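Enquirer: Fold the following, please.
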Amino acid sequence: MSHRSIKAVIPAAGLGTRFLPATKAMPKEMLPVVDKPAIQYVVEEAVAAGIDDVLVIIGRNKNALANHFDRVTELEHTLEQKGDTSKLERVMHSSSLADIHFVRQGDPKGLGHAVLRAKKHVGNETFAVLLGDDLIDARDPLLSRMIDVSQAQSATVVALMEVDSSQIHLYGCADVVPTGEPDVVRIKALVEKPSAAEAPSNLAIIGRYVLKPEIFEVLETTEPGKGGEIQLTDALQELAGDEQIAGPVLGVVFRGRRYDTGDRLDYLKSTIQLALDRDDLGPELAAWIKDELTPTLV
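Expert: Numbering: from 1, shown residues only. All right, here's what the predicted structure looks like:
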């Protein structure tokens, strides 16, 4: 099975309440990170891993997502007439990335419910789930590695990252045992947002999954968990507890660059860091930070 046979699912039906009022009429996934909406980084990551079929799970007032990946012929014509080929290429790039589909979640019943909405599109195949709050640096590929591990071991694969114990309550947490590969662990159990005292490790689940189709049957019988929502973590916990359902649940421990856009402060940090890393913006931004901000921080 090649990477190209795998489909990607991007849940994007959340209300984005942390960013109100900016997200009152605009999806949080469309908030710009430098000069691209956050969701475009996620789609580009899937495409870089060899995936060309992407399903976006949307809620109400999410039409801007579909519009972004559609062609805007009037804008393209205007840029062409002006001879602005650089901007024209960037505009057309987003509409030619992949075969992108959309389906509504309906009631906001949690991440597990959003993933379940992909059942008809995905069918009886392994698929990837990418959450838009976590942006993975293109220089540190994660999804390709997860797909390789899933295919080699016929496993469900979850992305994990070491975090400070004081932050583990913000994440799902994995109880693991090592394998013969330094970046791969076998997951024994998962706990949704435990306290530091209850956490079995400091390995947090970040927003990348490679799931086998058996997950759908489990999600269909998963009772609402924390927050009254159907939690994907609870379904993965069931798979980890019984490998006869769909084989092992493995974790790939990611040690690369990740940008958290899930709250306002981390969103600002991510935008600044990504801008600093760019040749066209980084030097001037770094100089401005040094000249204008350093005196106020002393």
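Enquirer: okay, and for the stretch 1-150 of the chain, where does confidence drop off?
Expert: Filtered on pLDDT under 70, the stretch 1-150 of the chain yields the residue ranges 1-4, 61-62.
Enquirer: ok, which stretches of it are helices?
Expert: Applying DSSP state H, counting those that start in this stretch to the stretch 1-150 of the chain gives helices spanning 38-48, 63-68, 73-82, 85-94, 111-116, 119-122, 143-153.
Enquirer: Would you indicate which residues of the third one are buried?
Expert: Within helix 73-82, the residues that count as buried by 16 or more other CB atoms under 10 Å are Leu79. Heads up, the C-betas are built off the backbone N, CA and C, glycines and all.
Enquirer: Please write out the alpha-carbon positions of it in PDB.
Expert: Extracted in PDB, the C-alpha atoms of helix 73-82 (Å, rounded to 0.1, in the frame of the first residue of the first chain):
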ATOM      1  CA  THR A  73     -10.800  33.400 -11.500                       C
ATOM      2  CA  GLU A  74     -11.400  37.200 -11.200                       C
ATOM      3  CA  LEU A  75      -8.500  37.500  -8.800                       C
ATOM      4  CA  GLU A  76      -6.300  35.300 -11.000                       C
ATOM      5  CA  HIS A  77      -7.100  37.400 -14.000                       C
ATOM      6  CA  THR A  78      -6.400  40.600 -12.200                       C
ATOM      7  CA  LEU A  79      -3.000  39.400 -11.000                       C
ATOM      8  CA  GLU A  80      -2.200  38.000 -14.500                       C
ATOM      9  CA  GLN A  81      -3.000  41.400 -16.100                       C
ATOM     10  CA  LYS A  82      -0.800  43.100 -13.600                       C
END
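Enquirer: Quick check, Val34 in contact with Leu274.
Expert: Yes - shown here, Val34 and Leu274 form a contact pair, counting by CB atoms under 8 Å, at 5.4 Å.
Enquirer: tell me the contacts of the residue nearest to Pro248 when sequence neighbours are not counted?
Expert: Nearest residue to Pro248, sequence neighbours excluded (CB to CB, 6 or more residues apart in numbering): Ala155, at 4.7 Å. When contacts are counted by CB atoms under 8 Å, 6 or more residues apart in numbering, Ala155 touches Val149, Lys212, Gly247, Pro248, Val249, Leu250.
Enquirer: so of those, which ones are in strands?
Expert: Counting by DSSP state E, these place Val249, Leu250 in strands.
Enquirer: residues contacting the residue nearest the centre of the chain?
Expert: The centre of the chain sits closest to Leu131, judged by CA atoms, centre = their mean, with a distance of 2.4 Å. Leu131 makes contact with Ile10, Pro11, Val42, Leu111, Gly207, Arg208, according to CB under 8 Å, 6+ apart.
Enquirer: Also Phe19?
Expert: So Phe19 contacts Lys28, Leu31, Arg264, Tyr267 (CB under 8 Å, 6+ apart).
Enquirer: Name the member of the contacts of Ala155 that has the highest neighbour count.
Expert: Neighbour count (other CB atoms under 10 Å) singles out Val249 as the most crowded of those, with 27 neighbours.
Enquirer: Can you name the residues bridging to that residue?
Expert: Applying DSSP bridges to Val249 yields these beta-bridge partners: Thr156.
Enquirer: List of residues touching the longest helix belonging to the chain?
Expert: Taking DSSP state H as the criterion, the chain has its longest helix at helix 264-276. Here helix 264-276 makes contact (CB under 8 Å, 6+ apart) with 18-19, 31-34, 135, 259-261, 281-282, 285-286.
Enquirer: Check pLDDT for the contacts of Ala155 and point me to the minimum.
Expert: Across the contacts of Ala155, no position has a lower pLDDT than Gly247, which has 82.
Enquirer: Go ahead and confirm that one touches Thr156.
Expert: Yes - with contact defined as CB under 8 Å, Gly247 and Thr156 form a contacting pair (7.0 Å).
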